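Enquirer: 3D model of this:
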Amino acid sequence: MQNALPGNQNASDQSLSDAPLNNSFTRRDFVKIAVATGVAVTVGQTAWGEETKEGIPYRKLGRTGEKVSAIGVGGYHIGNPEESEGIKIIRTAIDAGINFMDNCWDYHNGGSESRMGKALRDGYRDKVFLMTKIDGRNKASAAKQIDESLSRLQTDRIDLMQHHEIIRMEDPDRCFGEGGAQEAMLEAKKAGKIRFIGFTGHKDPIVHLRMLEIAAQHQFHFDAVQMPLNVMDAHFRSFEQKVLPVLVKKEIGVLGMKPLGSGAILKSNTATAIECLHYAMSLPTSVVITGMQSMKDLQQALEAARTFKPMNRQEITALLDRTRSAAAFGEFERFKIAAAFDGTAHHPEWLG
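Expert: Residues are numbered from 1 along each chain as shown. Sure thing, here's the model as predicted:
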């Protein structure tokens, strides 16, 4: 039997519910994933059963009942250009059919949130699904950051608030411990400040699995989880192979990030930007978040969304064959192996 999803050499024909967390996908597994994410499956190739707006595919966000654009605007990169240009990029993206906005309390020392808050004036706020993240690990710091994000974003509600940079094995215990950040999250949700709760991380799939395990022990079901999903991740310390099946089984919205590795993957000369974006979109992602720090970046993302067709097995195999050697040691996913990308490591005071 040939495999139906990327990164799946030598997989046995085993159902997702029975497979160990680190097992590869099989065609049967993909059918299960397709059902969970609203995908229609055809023989030999997948056909995503999804609606479109302005030519942009929209997908379910887990079991939230929300539908989001398959491509999302990355919050960090939107803080790089001049403010007027950043605002123009955000509004042009929304006008073109993209509704998912990513951000974080710490991006550019709050500058990304402030910029997005300005961009979402004049009726734009009601057109988007707004997500941001906080770094606080205790209740007091988390509550303070939630309120600061609301103020910067100029809104009375954030659609999805996420625990940011869950990258250490102790982070889940700190968030869910007595007086931890999760208490602030739940209180904010009860107060109507946030609608849904998730978490993010870029370091190691084992930490993600630990966060899901601790949440289950506290009888809490995350609405969404964000993680790297790209052509290199398929081979190295893979979130795709270890975490993705768990999210699909639990009907948790999948937020793919770093599809281009902030451009690093393109420097490997193994895949084009459109191939990278299409690969991530071919996975059971609710949205693929990509950096847009110029109108050229935005047009590239729009092209990927509007031309998207699920990659078939032959295309996936060829792409992964090209990227396997480059991916072997994490050289093009340095966020997994180097501390330079860990904002909370450089600013431990953000954790509280």
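Enquirer: all strands for the chain, in order.
Expert: For the chain, strands defined by DSSP state E occupy the ranges 40-42, 45-47, 51-53, 56-60, 67-69, 71-73, 100-101, 129-134, 158-163, 194-200, 224-228, 253-257, 287-290.
Enquirer: what lines up beside the fourth one in the sheet?
Expert: For strand 56-60, the pairing partners within the sheet under DSSP bridges are strand 51-53 (antiparallel), strand 67-69 (antiparallel).
Enquirer: the inter-axis angle of that strand versus strand 253-257?
Expert: 140 degrees (axes from the mean of the first three to the mean of the last three CA atoms, to 10 degrees).
Enquirer: contact partners of strand 56-60?
Expert: Residues outside strand 56-60 that contact it (CB atoms under 8 Å, 6 or more residues apart in numbering) are 37-38, 48, 50-52, 66-71, 96-99, 253, 281, 285-287, 302, 305-306, 308. Just so you know, the C-beta spots here come from the backbone N, C-alpha and C atoms, and that holds for glycine as well.
Enquirer: if any of the residues you listed are buried, put those into a PyMOL selection.
Expert: Applying 16 or more other CB atoms under 10 Å to the contacts of strand 56-60, the buried members can be selected in PyMOL as follows:
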select buried, resi 37+48+50+66+67+68+69+70+71+96+97+98+99+253+281+285+286+287+302+305+308
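Enquirer: tell me, how many neighbours does residue 324 end up with?
Expert: 17 (other CB atoms under 10 Å).
Enquirer: how about the nearest residue to it, chain neighbours excluded?
Expert: residue 235 (5.4 Å; CB to CB, 6 or more residues apart in numbering).
Enquirer: and stretch 308-318, how far out from the chain middle?
Expert: Centroid displacement of stretch 308-318 relative to its chain, using CA atoms, centre = their mean, to the nearest Å, is 21 Å.
Enquirer: what mean pLDDT does it get?
Expert: Throughout stretch 308-318, pLDDT has a mean value of 94.
Enquirer: so how far is residue 96 from residue 111?
Expert: Noted for residue 111: a distance of 24 Å to residue 96, by CB to CB, to the nearest Å.
Enquirer: what number of residues lie near residue 296?
Expert: Neighbour number of residue 296 under other CB under 10 Å is 9.
Enquirer: do the same with residue 139
Expert: Applying other CB under 10 Å, I find that residue 139 has 21 neighbouring residues.
Enquirer: ok, the one 4 residues further on next?
Expert: Summarising burial for residue 143: neighbours were counted as other CB under 10 Å, giving 20.
Enquirer: surely it is in contact with residue 191?
Expert: No. In this structure residue 143 lies outside contact range of residue 191 using CB atoms under 8 Å: 10.2 Å.
Enquirer: coming back round to it: ok, of the strands paired with strand 56-60, where does mean pLDDT dip lowest?
Expert: Across those, strand 51-53 gives the lowest mean pLDDT, at a mean of 90.
Enquirer: what about that strand, distance to the chain center?
Expert: The answer for strand 51-53 is 20 Å, by CA atoms, centre = their mean.
Enquirer: list the residues that contact residue 222.
Expert: Counting by CB under 8 Å, 6+ apart, the residues that residue 222 touches are 197, 198, 199, 212, 215, 252.
Enquirer: tally of neighbours for residue 195?
Expert: Using other CB under 10 Å, residue 195 has 17 other residues around it.
Enquirer: list the contacts for it?
Expert: Residue 195 makes contact with 157, 158, 159, 160, 189, according to CB under 8 Å, 6+ apart.
Enquirer: and the residue nearest to residue 324, what pLDDT?
Expert: pLDDT, read off for residue 235, is 96.
Enquirer: residues near it, how many?
Expert: Residue 235 - counted by other CB under 10 Å - has 21 other residues nearby.
Enquirer: if we can go back for a sec, okay, the strands of the chain in a markdown table with distance to residue 348 next?
Expert: As requested, the strands of the chain are exported to a markdown table (distance: least, CB to CB, whole Å):
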| stretch | distance to residue 348 |
| --- | --- |
| strand 40-42 | 46 |
| strand 45-47 | 44 |
| strand 51-53 | 42 |
| strand 56-60 | 36 |
| strand 67-69 | 33 |
| strand 71-73 | 29 |
| strand 100-101 | 28 |
| strand 129-134 | 15 |
| strand 158-163 | 16 |
| strand 194-200 | 18 |
| strand 224-228 | 22 |
| strand 253-257 | 23 |
| strand 287-290 | 26 |
